[in-house]
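Undergrad: Pasting the sequence and the predicted coordinates here, then a few questions.
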Amino acid sequence: MSDPPKDNPQSIILLETLAAGPLKVGATPPRPGLMGAFEHYGKRLLKHPFFPWVGRWMMIGFLIALAYSAFFGPRDPRLNFATVMSWVVWWPLLAISYLVVGRVWCAVCPMGALSDIVHRRIGLNLKAPELFKKRWLVAVLLGIAILYQAWIEEVTRASVSPLITGFILWSFTIGAVVSGLVFERWTWCRHLCPLGAWSGVFAMSSVVEVRADPNVCLANHCKGIYCYFGRDDLPGCPFHQVPKIMETNRYCSTCGNCLKACPNDAISIRLRPPSREFVTQKKEVLENALISVVAIGVVIFQGLVMTEPWATLREYAAASLPLLSNDAVLYGALILACVGLATGLFFLASQIYARLTHQSCHAEMCRFGFAFLPLALLTHIGHNLGHLFNGYALVPGALAGLVGKLPQAAAEGAPNLWLWQVLEIGLVVVGLIISVWAIRRICGAAKGNCPRPLATAPYMMLAILYAAVFIALFALPMVTRVS
Amino acid sequence: MKTFQWNARTIVIVAVALLLTASVGVMGIWLLLSGQPGTGMMESGDHTEMMGGMDISGDHTTMMGAPANRGLLGGYTGAVGLVMILAFVGMVGSLLYALFREKPGQPQPAACWNCERPVETDWTTCPYCGAALVAQATRP
Ligand code: SF4
Ligand code: SF4
Ligand SMILES: [Zn+2]
């Protein structure tokens, strides 16, 4: 290879031009109206020196209250602050946050904050092992993370057990703190946290993104890549990203570090359609594209085990095969079956599409897999919002329990089955519309590969089938989460 | 990235990290050995009692209607215990791997094919010269 032409000024300009991507003249002008206002104030917020630390300290206080309540609080999950706030309030709000603000939870997460604090003060700052970045390991860890968070919740009944909720919190906190003590940046959040892996996947469907305007980087001849390395006392991206080349929200926590470190004001937070990054990603990696289909399977699993008929099915399964009387095996088999079925159907649709368009099945799976993510996310939100609406009445009792003023009995929630179902089914329909739109956009982004929009019919039918399964599940009576 | 050296400070930090990690493993073993189906919930319907000690032996009828004693290794706590022990093994393993195998402080292993400057393995474009790194990034 020839010497890198870094000393020749003309080459530098040429290379910077290339780095800047498609040429435009000047920076992107701010958008008018409400969108522009959102972006303006969003940027001001992310650049504020108190962001995200005010949120982080509040969440650290919240974590202490959760831990205290989990280990020393009332043992009734309907009166315990840890179970009510974790499973009835926080988990549904987290689901909504994926859509509205991406992976912002990671910016204020108390476990990540503790990790960052020890990292900055006494951390060894070792490079994260290259092992963590191996493609096969990333896929395996992600698979385990996605299956684990659904499976463990069902098998351990964490949502009805303050103590187990406490143990899960403890193991996550220790994992984060130990990573912060030993490794660089936010290694826990970037590579190891199962919740982070799950959040990253859904954040790809978010309606906001943090990105740099490459024209500004170019115009300012920025060679420092301060957004990545940091500048003076301002840290760089904790997720090892460079906003001007970033293609996905998966590894962006909206922490604002890059906005603060960039001396050229090149970075902003922008609104976007929820499926935008599916058509712009250059990296065709099958396991990434399959995540959305796996998420569909997991959401089906979560919906199924919350239906009332599931109790009967469960007894029947245990009676017919003794092995299935072990919940770990039963739920493990069920989640694998749901994921396997969702993935198998996607493979079938891709085969048909590849035949219709004379394309490679593998390449089409890489392109179209993402399209199902909005459907999975909106269904996940609908399902969890249902839990919130049906359990919010428990919050005052749990708060009273935290300060030692226990009510005699937990307030019964106000299950409004009709409202819950309308909400869930409505969100499934919205998710379906976005997924169908994403399928059309992905098709349109490569006209050569997708000559006739009609050829996408297998994927359209599949999206409708998944949505029909969700609607059928949601039409069944459901049980609430901590009762 | 500074080069890692064993000295009093690093030994103390690694020891603290191992101790904290051990707490996860110890909890896991304790949960497994408890051999109880405990979910930490009162069975009697007395919602007002605070946890005395760390009794995790309570059983209850779950929302699914079936008794909650059918988890892995005889108890739900067993499943959590097993996962915590696995997490402990993974955490200690990666810590030791990072310290002894990966020789911390070495330069970034991946470099841009065009400008030869260090890049992260998951970047698709070189931020310095704009060269596409897709082939590199998608390489298994
Ligand atoms: S620091 Fe700012 S100007 Fe420089 S590369 Fe990053 S975003 Fe562009
Ligand atoms: S790109 Fe990195 S630094 Fe910028 S907001 Fe996202 S995670 Fe934070
Ligand atoms: Zn380069």
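TA: Sure thing, it's come through. Ligands and ions are numbered 1, 2, ... in the order given.

Undergrad: Neighbours of residue B:12, how many?
TA: 11 (other C-beta atoms under 10 Å in any protein chain shown). C-betas here are computed from N, CA, C, even on glycine.

Undergrad: Would you mind measuring from it to ligand 2?
TA: Separation of residue B:12 from ligand 2 (C-beta to the nearest ligand atom, to the nearest Å) stands at 31 Å.

Undergrad: Run through the residues that contact residue A:232.
TA: Residue A:232 makes no contacts at all, as judged by C-beta atoms under 8 Å, 6 or more residues apart in numbering or on different chains.

Undergrad: Distance check, it against ligand 2.
TA: For residue A:232, the distance to ligand 2 equals 15 Å [C-beta to the nearest ligand atom].

Undergrad: just the helices in the stretch 101-250 of chain A please.
TA: Using DSSP state H, counting those that start in this stretch, the helices assigned to the stretch 101-250 of chain A run over residues A:105-108, A:110-122, A:135-156, A:162-182, A:187, A:194-203, A:214-219, A:226-229.

Undergrad: Go through those and pick out the most buried.
TA: helix A:187 (a mean of 28; mean count of other C-beta atoms under 10 Å in any protein chain shown).

Undergrad: Tally up the residues packed near residue 127, please.
TA: In the absence of a named chain, chain A is used. Neighbours of residue A:127 (other C-beta under 10 Å): 21.

Undergrad: think we crossed wires, I meant chain B
TA: Neighbourhood size, residue B:127 [other C-beta under 10 Å]: 26.

Undergrad: Tell me if it really is in a helix.
TA: No. Read with DSSP: H, G, I helix; E, B strand; the rest coil, residue B:127 is coil and lies in no helix.

Undergrad: Identify the residues contacting it.
TA: A:19, A:225, A:228, A:242, A:244, A:245, B:119.

Undergrad: residues in contact with the spatially closest residue to residue B:28 that is not a sequence neighbour?
TA: Take residue B:28 and drop its neighbours on the chain: the residue closest to it by C-beta to C-beta, 6 or more residues apart in numbering or on different chains is residue B:84, 3.1 Å away. By C-beta under 8 Å, 6+ apart, the contact list for residue B:84 reads A:167, A:171, B:24, B:25, B:27, B:28, B:31.

Undergrad: My read is that the second one contacts residue B:24, right?
TA: So the one you mean is residue A:171. Yes. Assessed by C-beta atoms under 8 Å, residue A:171 is found in contact with residue B:24 at 4.9 Å.

Undergrad: any shared contact partners between these two?
TA: Taking C-beta under 8 Å, 6+ apart as the criterion, residue A:171 and residue B:24 both touch B:84, B:87.

Undergrad: Does anything pack onto the helix or strand containing residue A:443? Which helices or strands?
TA: Assigned by DSSP states H and E, residue A:443 falls within helix A:417-445. Packing contacts for helix A:417-445, counted by 3 or more C-beta pairs under 8 Å, 6 or more residues apart in numbering or on different chains; DSSP states H and E, involve helix A:276-280, helix A:361-368, helix A:373-391, helix A:457-475.

Undergrad: right, and the ones you listed - which one's nearest ligand 1?
TA: Smallest distance to ligand 1 across the helices and strands packed on helix A:417-445 (C-beta to the nearest ligand atom): 17.8 Å, for helix A:276-280.

Undergrad: Any buried residues in whichever helix or strand comes after that closest one, and which?
TA: Once the chain leaves helix A:276-280, the next helix or strand it forms, by DSSP H and E, is helix A:286-304. Neighbour counts over helix A:286-304 (16 or more other C-beta atoms under 10 Å in any protein chain shown) mark A:287-304 as buried.

Undergrad: which stretches of chain B form helices?
TA: In chain B, the helices defined using DSSP state H lie at B:8-34, B:76-96, B:134-138.

Undergrad: Output the below-cut-off pLDDT ranges for chain B.
TA: Low-confidence segments of chain B, defined by pLDDT under 70, span residues B:1-3, B:34-80, B:101-109, B:134-140.

Undergrad: Same question for the stretch 1-150 of chain A.
TA: Using pLDDT under 70, the stretch 1-150 of chain A drops low at A:1-27, A:148.
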